[in-house]
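K.L.:
have a look; sequence and predicted model below, questions after that.
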Amino acid sequence: MDERTGSRTRMTLGVVINTRSRQNRKRENPLPNMFAGDNRVVIEHMAGHGHEPLAAILRNMAAKGVETIVVSGGDGTVQGTLTELAEASPFSQLPRLALLAHGTTNMTAADVGLTLRNVKNLTELLEPDRHPQLSIRKRATVQVINPGGSGAQHGMFLGSGGIYRAVIKTHQKVLPLGLGGAAANTLAIAVSLMRAVFLRNRSNEDRVFQPTPMTIVADGRVFAEGDQFSLLVTTLDQLILKSNPFWNQSADNLRMTAVGYPLPKLVRSFLQVMYARDKQRLDPEIFRSASARTIDLTTPSPFTLDGEYLEMPAEGPLKIRRGPEFEFICGTL
């Protein structure tokens, strides 16, 4: 549900620019020059991902009274920012976020991002109440409490099984071609579907469409177990290519869909699930969708959180929870 930007009339703006994100590598980001000398704006650069640099950036912004953070980067930059703010925020109150789709993949920004007709219009965020086209969308994070090899992580989309393999395929085979965003995702999906249809009986360890053993426990009850194609968990309203593969949902919970293996009538089933069409025709023994506050996942496969690769814990299930709620400034300037 959208809300107007409220009673804040002036604010201090922080801008995090990932200099290694796709759009910022292609051309020089104009924001530093545009805000030069404006003491209401704090500009910080980060070169790729990393806990300490981002933590230092956020501490500096908190000390300078930043109330809204503009993130110029992709899904990985947003994921790192959400994790730092959720786990060790230096702010007394979580800042609002304004996401600019400047990365290779920008699924989060596509759902709760800010669109700029002209980059100079970003100055209007300093007085958002004067711009009724702006609104606030609230989204909780997907919190992963115990990933292997790191502390708790926060993001907006978790994928296991085929989703994890599809992300790897995109990074290894498609992105080197110079494609990004929706084009890269579309090509990766199309190639994977064709391989699955035409090479159905051939063994190939890197195929996207193959089984992954999983046990998925949602709110204390077994939701799915045995061979699965994939598990998707999110708090976003739409995913890549404006898909919405969820049904049987309730408010204020994690949205999840598990797809069993094998998939009957592969291409048709894939499209039905992606866009949740003709749900009554989907076999409930293969296609399961619901919402939950707690999800425990046991599987040998690693997983992806907003495009970042993470390992399963050494012992016990992966604990997936609904994290804190953030406010995102959305609209077109």
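P.N.:
Alright, I've got the coordinates. Residues are numbered from 1 along each chain as shown.

K.L.:
CA only for contacts and neighbour counts going forward, please
P.N.:
Fine.

K.L.:
show me what contacts E87?
P.N.:
A152 (C-alpha atoms under 8 Å, 6 or more residues apart in numbering).

K.L.:
the one 10 residues further on too?
P.N.:
If a contact means C-alpha under 8 Å, 6+ apart, then L97 has 68-71, 326-329 as its contacts.

K.L.:
identify the bridge partners of it.
P.N.:
Using DSSP bridges, the beta-bridge partners of L97 come out as I69, F328.

K.L.:
and it, how far from G113?
P.N.:
9 Å (C-alpha to C-alpha, to the nearest Å).

K.L.:
equivalent analysis for M312, please.
P.N.:
Distance, M312 to G113, using C-alpha to C-alpha: 30 Å.

K.L.:
between the contacts of L97, which sits nearest L13?
P.N.:
L13 has its nearest neighbour among the contacts of L97 in T68, at 5.2 Å by C-alpha to C-alpha.

K.L.:
touching, the closest one and Q93? I think so.
P.N.:
No. Judged on C-alpha atoms under 8 Å, T68 makes no contact with Q93 at a distance of 10.7 Å.

K.L.:
these two - which one has more neighbours?
P.N.:
Taking other C-alpha atoms under 10 Å, T68 and Q93 do not tie; T68 has more neighbours (23 against 10).

K.L.:
Y309 reaches S301, doesn't it?
P.N.:
No. Judged on C-alpha under 8 Å, Y309 makes no contact with S301 at a distance of 10.8 Å.

K.L.:
what about those two, which has more around it?
P.N.:
The neighbour comparison of Y309 against S301 (other C-alpha under 10 Å) goes to S301, with 16 against 13.

K.L.:
so which strand or helix has the more buried one?
P.N.:
Using DSSP states H and E, S301 sits in no helix or strand.

K.L.:
what's near enough to touch G113?
P.N.:
By C-alpha under 8 Å, 6+ apart, the neighbours of G113 are 98-101, 328-331.

K.L.:
how close does it get to T257?
P.N.:
Separation of G113 from T257 (C-alpha to C-alpha): 24 Å.

K.L.:
would you map the strands across the stretch 1-150 of the chain?
P.N.:
Along the stretch 1-150 of the chain, the segments classed as strands by DSSP state E, counting those that start in this stretch run 2-3, 13-18, 41-46, 68-73, 96-101, 114-115, 135-144.

K.L.:
okay, the ones you listed in TSV with mean pLDDT and distance to P30 next?
P.N.:
Below are those laid out as TSV (pLDDT from 0 to 100; distance: least, C-alpha to C-alpha, whole Å):
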stretch	mean pLDDT	distance to P30
strand 2-3	46	30
strand 13-18	93	11
strand 41-46	90	11
strand 68-73	95	11
strand 96-101	95	13
strand 114-115	93	16
strand 135-144	96	25
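
K.L.:
want to throw the ones you listed into a markdown table with distance to T212?
P.N.:
Shown next, in a markdown table, are the strands of the stretch 1-150 of the chain (distance: least, C-alpha to C-alpha, whole Å):
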| stretch | distance to T212 |
| --- | --- |
| strand 2-3 | 38 |
| strand 13-18 | 34 |
| strand 41-46 | 36 |
| strand 68-73 | 32 |
| strand 96-101 | 32 |
| strand 114-115 | 37 |
| strand 135-144 | 20 |
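
K.L.:
which stretch of helix or strand covers P213?
P.N.:
strand 212-218.

K.L.:
helices or strands up against the helix or strand following that strand?
P.N.:
Next along the chain after strand 212-218, taking DSSP H and E as the criterion, comes strand 221-234. The contact analysis (3 or more C-alpha pairs under 8 Å, 6 or more residues apart in numbering; DSSP states H and E) places strand 221-234 against strand 157-161, helix 162-169, strand 212-218, strand 254-260.

K.L.:
give me the residues contacting strand 221-234.
P.N.:
The contact list for strand 221-234, computed with C-alpha under 8 Å, 6+ apart, reads 142, 156-163, 209-217, 254-263, 288.

K.L.:
how is the protein divided into domains?
P.N.:
Domain ranges of the chain: 2-139+327-332, 157-305, per automatic domain parsing.

K.L.:
can I get those domains in TSV including distance to G148?
P.N.:
Formatted as TSV, the domains of the chain follow (distance: least, C-alpha to C-alpha, whole Å):
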stretch	distance to G148
domain 2-139+327-332	16
domain 157-305	9
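
K.L.:
among the ones you listed, which gets the worst mean confidence?
P.N.:
Ranked on mean pLDDT, the bottom entry among the domains of the chain is domain 157-305, at a mean of 78.

K.L.:
do me a favour and get the end-to-end distance for that one?
P.N.:
End to end - C-alpha to C-alpha - domain 157-305 spans 6 Å.

K.L.:
now it: how far from the chain's centre is it?
P.N.:
Put simply, domain 157-305 sits 14 Å off its chain's centre (C-alpha atoms, centre = their mean, to the nearest Å).
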